[in-house]
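A.B. asks: predicted coordinates and the sequence they were generated for:
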Amino acid sequence: MKQINLNNVQEAGEYKTLPAGAYICKIISAVDHPDKEYLLITYDIARGEYTGYYGEMRDNHPDWTSVGTFYRSYKSTALSMFKRFCSAVSKSNQNFVFDGNINADERTLAGKLIGIVLGEEEYYSNSGDLKTRLVVTREFPISEIDKQKVPALKKLPADNTGAQNTYATAVPNTDMEEVPF
């Protein structure tokens, strides 16, 4: 190992684990990728015990670019889900409309509130270990937070060998350059 000086390096602290659930979030940014017809949404928890959760992670680990992000496609096959996203943002922010038509400027989403349900799903890590992660399962108007139900853990299909199954290799890569659609 090469020699390194840790005298001026602050030791990493413990992070609270964010549980699956419904959260009121703030959109930090929205970046359009017109070549693939999707928005990359960066968000953070805006209220409650976990306020600023993803922002703290990004501040402490600048290379963790995909934490607190999700995609919303506006391809013709995904328009119903995109409309749900637009409706949730519009209903969560008084006198604001984002509809992809009258207001299609994704930059106006920065600073807006939205309700997000985070659910857990299984995936295989690069080393082949079965793990779980949080994913955005749906958006909702923040006034409806008490009506939200958290989905059960989304399990990978079992295979009878116990080895990594073929589904696991199809789990989308969440690198910023790779988009699952």
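C.D. replies: That came in fine, so what should we check first?
A.B. asks: and the helix or strand harbouring Lys83, how far out from the chain middle?
C.D. replies: Element membership for Lys83, per DSSP states H and E: helix 79-92. Here helix 79-92 shows a centroid-to-chain-centroid distance of 16 Å under the convention C-alpha atoms, centre = their mean, to the nearest Å.
A.B. asks: can you check stretch 140-155 too?
C.D. replies: The chain centroid and the centroid of stretch 140-155 are separated by 14 Å, computed with C-alpha atoms, centre = their mean.
A.B. asks: one more: stretch 63-79?
C.D. replies: With C-alpha atoms, centre = their mean, you get 8 Å for stretch 63-79.
A.B. asks: state the mean pLDDT of it.
C.D. replies: Averaging pLDDT along stretch 63-79 yields 94.
A.B. asks: in that stretch, what's buried?
C.D. replies: Using 16 or more other C-beta atoms under 10 Å as the test for burial, stretch 63-79 gives 67-74, 78. Using the backbone N, CA and C atoms, a C-beta is placed for each residue, glycine as well.
A.B. asks: now those residues as JSON lines including distance to Ile114 and secondary structure?
C.D. replies: Output for the buried residues of stretch 63-79, formatted as JSON lines (distance: C-beta to C-beta, whole Å; DSSP: H, G, I helix; E, B strand; the rest coil):
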{"residue": "Val67", "distance to Ile114": "17", "secondary structure": "coil"}
{"residue": "Gly68", "distance to Ile114": "12", "secondary structure": "coil"}
{"residue": "Thr69", "distance to Ile114": "13", "secondary structure": "strand"}
{"residue": "Phe70", "distance to Ile114": "11", "secondary structure": "strand"}
{"residue": "Tyr71", "distance to Ile114": "14", "secondary structure": "strand"}
{"residue": "Arg72", "distance to Ile114": "11", "secondary structure": "strand"}
{"residue": "Ser73", "distance to Ile114": "17", "secondary structure": "strand"}
{"residue": "Tyr74", "distance to Ile114": "16", "secondary structure": "coil"}
{"residue": "Ala78", "distance to Ile114": "17", "secondary structure": "helix"}
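A.B. asks: show me the helices in this structure, by range?
C.D. replies: 53-60, 79-92, 166-169 (DSSP state H).
A.B. asks: let's have those helices in JSON lines, adding distance to Lys16.
C.D. replies: Output for the helices of the chain, formatted as JSON lines (distance: least, C-beta to C-beta, whole Å):
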{"stretch": "helix 53-60", "distance to Lys16": "8"}
{"stretch": "helix 79-92", "distance to Lys16": "25"}
{"stretch": "helix 166-169", "distance to Lys16": "28"}
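A.B. asks: wait, which of the ones you listed is closest to Thr108?
C.D. replies: Nearest to Thr108 among these is helix 79-92; the distance by C-beta to C-beta comes to 9.5 Å.
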